[in-house]
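**Student:** starting from these lines, generate the structure:
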Amino acid sequence: MSELDLALVHALQVRPRAAWTDLAPLLGTSAVTLARRWERLTEEGLAWISAVPGPAFSRSGCTAFVFVRCAPAARESLAGRVARLREAVTVELITPGGADLMLDVLAPDLAAVHRFVDEELAVLPEVLDVECVFATSLYTEGSRWRLGSLDASQLSVLGRRPDGVDGVGSHVASLGVLDRALLDALMRDGRSRFADLADLTGSSPATVRRRLGRLTASEVVALRCDVAPAVSGMPVSVTFRGRAAVGDVNRLHRTLAALPACRLLAAVTGSANVLATYWLRDIGSVQQRETAICAQLPGLDVTERVVGIRTVKRMGHLLDAKGRRAGFRPIRPW
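**Tutor:** Model (predicted):
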């Protein structure tokens, strides 16, 4: 990975659909060079952009974290089988202990999550036990994570430039047929051209541009640039589960989210009411991160450390053993 590659990825994390001509002067190269580099990154599965539920999802939909225990010999096969289920948007193999798999589950409502857990997941013959906790507040998640390759002046310029979509009249009461077709296409490739999206959805480029602008401005959907560990330089994922006084949870999240490499932070149901995921450089950093958390937040009792071995699926995208995108399974969280 070159410094230009890293800067390009960071720029696309901030503005996923920015035109190459807009980014070229900022990154000191040509639009043609950026287009070629991005094509290489995506072809090699090192980086990709997709549509994911935006902040408004937490007000209408349901986010759950499911911990699955199975027989040791069944871990790999079960992970592959669960990855085919659309409600399980992210599937991670974790260090054996309390559980063997950790799933991120997104569904329109609580009833849909319960149907998935009880009627699709728990009935699989390899499954021995299931624990499901629900996010009551989602403070940060993957679309807000940044690589950190751009300086403050570059980020300031990026923040002032629009992406060529019209967000006027941004309220979206419900998703129509066009919206769902648009989201299906953008989940596969968030940088699809407006002309291609128009062909796929049977609409016009202007209509697609306007509708996408409204979906993003209303926070129904967000566009997110994901990367393989070869790009992030952070191959270790650790999820801390902890317990804090209910009145302290909202205050604690400010400190937890501010710690470097925070990928996800949520208040959840259950006795361990805080869940935080960090991407780290090596296994030794797990203890360092926990020490930093406990030093700054004495009111938080860390009850479990869940270390990821391999991510099999992330927001619908199937990953290989090195964390590179290798395929896609449609998801339908909305």
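
**Student:** going forward, measure contacts between C-alpha atoms and count neighbours the same way
**Tutor:** Fine.

**Student:** now Gly213, what are its backbone angles?
**Tutor:** phi -60, psi -40 (degrees, to the nearest 10).

**Student:** I should have written Ser237 there, sorry.
**Tutor:** phi -110, psi 130.

**Student:** try the one 5 residues further on
**Tutor:** In this entry, Gly242 is assigned phi and psi values of phi -140, psi 170 (degrees, to the nearest 10).

**Student:** all numbers from here: first residue = 4
**Tutor:** Happy to do that; since the first residue is 4 now, the last one works out to Gly245.

**Student:** help me confirm that it comes into contact with Val277.
**Tutor:** Yes - the pair Gly245 / Val277 is scored as a contact, 5.1 Å apart, by CA atoms under 8 Å.

**Student:** the two: which has the busier surroundings?
**Tutor:** Neighbour totals were compared for Gly245 and Val277, and Val277 leads with 27 against 19 (other CA atoms under 10 Å).

**Student:** partner residues bridging the more buried one?
**Tutor:** Beta-bridge partners of Val277, counted by DSSP bridges, are Gly245, Ala270.

**Student:** what about Thr32, how many neighbours?
**Tutor:** Quick note: Thr32 (other CA under 10 Å) scores 14 neighbours.

**Student:** sec struct for it, please.
**Tutor:** coil (DSSP: H, G, I helix; E, B strand; the rest coil).

**Student:** for it, give me the pLDDT.
**Tutor:** The per-residue pLDDT reported for Thr32 equals 98.

**Student:** what about it, distance to Val224?
**Tutor:** 31 Å (CA to CA, to the nearest Å).

**Student:** cool, Trp51 as well?
**Tutor:** In terms of CA to CA, Trp51 sits 16 Å off from Val224.

**Student:** name the nearest residue to Leu7, ignoring sequence neighbours.
**Tutor:** Of all residues not flanking Leu7 in the chain, Leu30 sits nearest, at 7.3 Å (CA to CA, 6 or more residues apart in numbering).

**Student:** tell me the contacts of the one you found?
**Tutor:** Contact analysis of Leu30 by CA atoms under 8 Å, 6 or more residues apart in numbering lists Leu7, Ala10, Leu11.

**Student:** what's the local residue count around the last one?
**Tutor:** Leu11 sits with 21 neighbouring residues when counted by other CA under 10 Å.

**Student:** next one: the first one
**Tutor:** Burial of Leu7, expressed as a neighbour count using other CA under 10 Å, amounts to 15.

**Student:** Arg317 is in contact with Ala86, correct?
**Tutor:** No - counting by CA under 8 Å, Ala86 stays clear of Arg317, with 9.3 Å between them.

**Student:** which neighbours do the two have in common?
**Tutor:** Val92, Thr93, Val94.

**Student:** which of those sits closest to Phe119?
**Tutor:** Val92 (12.1 Å; CA to CA).

**Student:** and the residue nearest to that closest one when sequence neighbours are not counted, what pLDDT?
**Tutor:** Nearest non-adjacent residue to Val92, counting by CA to CA, 6+ apart: Met318, 4.7 Å away. pLDDT for Met318: 97.

**Student:** ok, Ala86 and Arg317, which is more surrounded?
**Tutor:** Ala86 (24 against 21).

**Student:** can you pull the contacts of the more buried one?
**Tutor:** Applying CA under 8 Å, 6+ apart, the residues contacting Ala86 are Val92, Thr93, Val94, Val315, Lys316, Leu321, Arg332.

**Student:** so the fourth one touches Lys325, yeah?
**Tutor:** I take that to be Val315. No - counting by CA under 8 Å, Val315 does not reach Lys325; the two are 9.9 Å apart.

**Student:** pLDDT value on Arg246, please?
**Tutor:** 96.

**Student:** what about the nearest residue to it once chain neighbours are set aside, is that helix, strand or coil?
**Tutor:** Closest residue in space to Arg246, ignoring its immediate chain neighbours: Ala275 at 4.4 Å, by CA to CA, 6+ apart. Here Ala275 is recorded as coil under three-state DSSP.

**Student:** my guess is Ala275 contacts Gly245. True?
**Tutor:** Yes - Ala275 lies in contact with Gly245 (CA under 8 Å); the separation is 4.9 Å.

**Student:** overlap in contacts, these two.
**Tutor:** Thr306.
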